[in-house]
Each structure stands twice: as structure tokens, then as C-alpha cells.
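1. Turn this into a model:
(one chain, ligands or ions: 2)
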Amino acid sequence: MPASQRIHARELAPSILAADLLRLEAQLSEVLAAGARVIHVDVMDGHFVPPITFGPNVVSAIAERVHAAGAIVDVHLMIERPERLVGDFASAGADSITVHFEATPHVHYALQRVREAGCTAGAALCPATPAAVLADAAADGVLDLALCMSVNPGWGNQRLIGHSYAKLGELRRMLPSGVAVEVDGGVDAATAPRVAQAGANLLVAGTAVFAAADPAAAFQALAQAAWPVS
Ligand code: DX5
Ligand code: ZN
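-> Residues are numbered from 1 along each chain as shown. Ligands and ions are numbered 1, 2, ... in the order given. So this is what the prediction gives:
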């Protein structure tokens with residue numbers, strides 16, 4: 001399934017930020033075998049957010065394995081002026097690229113650059129940024145995905161901020177059905193069903209998957225909690 005369709009499915013997206021990097025290949029294989037079809041990559045530049053994490057070289061290292069399983073690489077750019085690096089991440093094998101609304105004065109242009117690079121285009125909002133700022137980009141048809149940060153970006157293993165439920169609902173009601181809604185931060189067995197009900201179809205989970213003793217089992221239990229199958 002191409003990224004343009006996959007981002008609209010109900011998917012739990014493991015974030016490799018919480019993976020054991022010494023065993024990244026094995027950990028990826030475990031969650032892919034458990035059914036993960038979206039792998040989330042958190043890119044941090046030490047400026048937009050304090051930590052520094054992964055670059056295009058890491059996307060390039062995992063892309064073939066992810067694609068071979070029929071999954072997509074979902075790149076979340078927590079970097080300033082993301083439009084400058086869109087081409088590098090697309091060439092490295094990203095399928096979906098999300099830029100932060102707060103990281104550039106040229107969000108509309110950045111989204112167009114992502115599309116031109118052949119990827120689905122997402123815009124992320126920090127907790128204090130209102131949902132309404134995405135209305136014009138959505139109306140202009142340059143937005144494929146809205147990412148609602150349910151924690152402050154930069155670190156895993158934080159508690160979900162309570163207002164996120166209302167904001168997800170607002171995004172889902174405001175945006176056309178052709179725009180996917182992703183939630184990122186503090187997703188666990190307790191919050192997953194609530195964010196799914198509030199309107200998110202893509203749920204990012206780092207700690208809840210990779211800090212578990214058995215990431216594959218944790219992945220499946222979390223997906224079942226989000227979208228119960230009787
Ligand atoms: C935070 C990152 C998240 C992070 C989520 O800035 O964008 O993707 O990995 O981690 P958990 O699931 O542990 O809250
Ligand atoms: Zn993320």
C-alpha cells in the first residue's frame with residue numbers, strides 16, 4: 001500500500017526513538033513481524049528542540065528493511081527551517097515527511113517541497129499551537145497529514161497533555177477527510193483508545209512499545225486497546 005493510502009489507515013506507528021539502537025535491526029524486525037506498517041523516525045536538531053537524534057543516514061539505513069515488509073517510513077522533522085532538508089530525507093527513503101508549523105515561516109512552501117519530493121506532506125503542531133492554523137494549508141490542498149503533539153516535542157516517555165483529546169477532535173472536524181490525523185506523545189494502553197476515539201487514525205508510540213520486555217506483544221496489545229476487535 002503506498003504512503004498516500006497508508007497514512008489514512010488505522011495504524012500504530014512505533015517510534016524508534018525508544019528502541020535499543022544497538023539492536024535496531026532486530027527491534028525493527030520484531031515490530032514489523034507483529035504487524036507495524038508505519039515506522040516513525042524522530043529527527044531532532046539541537047535547536048528547534050534541545051536533543052540531537054537521527055539524520056538522513058539513519059532513514060537510509062532502515063528504509064529498505066521497512067519497505068520490504070510493506071511498511072512506510074514516517075519522518076517527523078523537529079528541526080528549524082525543515083524545507084532545507086526535505087530533499088535529503090526523501091532521497092534517503094522517507095515516505096511521509098512532517099514539518100513543524102513553528103519551525104518555519106514558510107509552512108505552505110515546505111509542504112509543497114515535501115510533495116514535490118514525492119512524499120506525503122504533514123504539518124505538526126506543538127501543544128500550545130491551535131488547530132486552526134492548519135485551515136488554510138488544508139483548504140489549499142497542500143496538506144496530507146496533521147500531527148498533533150500530545151507532549152512537548154524533544155523527549156519520549158512523557159505524560160500525554162489532557163487538552164490533546166479536544167484538539168484531536170477539533171482537527172478531525174475541521175480538516176477534510178483526505179487529511180490524516182496523527183497523535184504523538186504519551187500514547188499507552190490507557191490513552192490509546194481515547195486518542196483514537198477523539199479522531200486520530202495514526203498513533204505514534206515509542207516507550208509503550210520498545211520499553212516493553214516484548215515489543216511485538218506490546219505492539220499488538222496497544223493496537224487492540226486502540227481499536228478493539230471483538
Ligand atoms: C517526541 C517524539 C515522539 C516520541 C514519543 O518529541 O516526537 O515521537 O518518540 O515517545 P513516547 O511514545 O515515549 O511518548
Ligand atoms: Zn515524533
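
2. from here on, contacts and neighbour counts on C-alpha atoms
-> OK.

3. Number of residues surrounding the nearest residue to A180 once chain neighbours are set aside?
-> Closest residue to A180 apart from its sequence neighbours, by Cα to Cα, 6 or more residues apart in numbering: L145 at 4.5 Å. Residues contacting L145 under the criterion other Cα atoms under 10 Å number 25.

4. ok, then the element right after the helix-or-strand element of the chain with minimal mean pLDDT?
-> Lowest on mean pLDDT, DSSP states H and E among the helices and strands of the chain sits helix 3-6, with a mean of 94. For helix 3-6, the following helix or strand on the C-terminal side (DSSP states H and E) is strand 11-14.

5. For the helix or strand just after that next one, list every residue counted as buried.
-> Counting by DSSP H and E, the next helix or strand C-terminal to strand 11-14 is helix 24-33. The neighbour-count check on helix 24-33 (16 or more other Cα atoms under 10 Å) flags 27-32 as buried.

6. wait, which of these is closest to V41?
-> The closest of these to V41 turns out to be L28 (Cα to Cα; 11.7 Å).

7. residues contacting the nearest residue to T191 once chain neighbours are set aside?
-> Nearest non-adjacent residue to T191, counting by Cα to Cα, 6+ apart: L160, 7.8 Å away. Going by Cα atoms under 8 Å, 6 or more residues apart in numbering, L160 touches 150-151, 185-187, 191.

8. Give me the secondary structure label for L160.
-> For L160, the assignment made with DSSP: H, G, I helix; E, B strand; the rest coil gives coil.

9. Quick check: it vs S4, distance?
-> 28 Å (Cα to Cα, to the nearest Å).

10. Can you check the distance spanned by stretch 207-215, start to finish?
-> Start-to-end, stretch 207-215 (Cα to Cα) is 10 Å.

11. and that stretch, how far out from the chain's middle?
-> 18 Å (Cα atoms, centre = their mean, to the nearest Å).

12. quick one: buried residues of that stretch?
-> Quick answer for stretch 207-215 (16+ other Cα under 10 Å): 207-210, 215.

13. for those, which one is nearest ligand 1?
-> Comparing these against ligand 1 with Cα to the nearest ligand atom places T207 closest, at 3.7 Å.

14. quick one: contacts for the closest one?
-> If a contact means Cα under 8 Å, 6+ apart, then T207 has 18, 156-157 as its contacts.

15. and if we set it to 10 Å?
-> Contacts for T207 (Cα atoms under 10 Å, 6 or more residues apart in numbering) come out as 14-19, 156-158, 185-188, 215.
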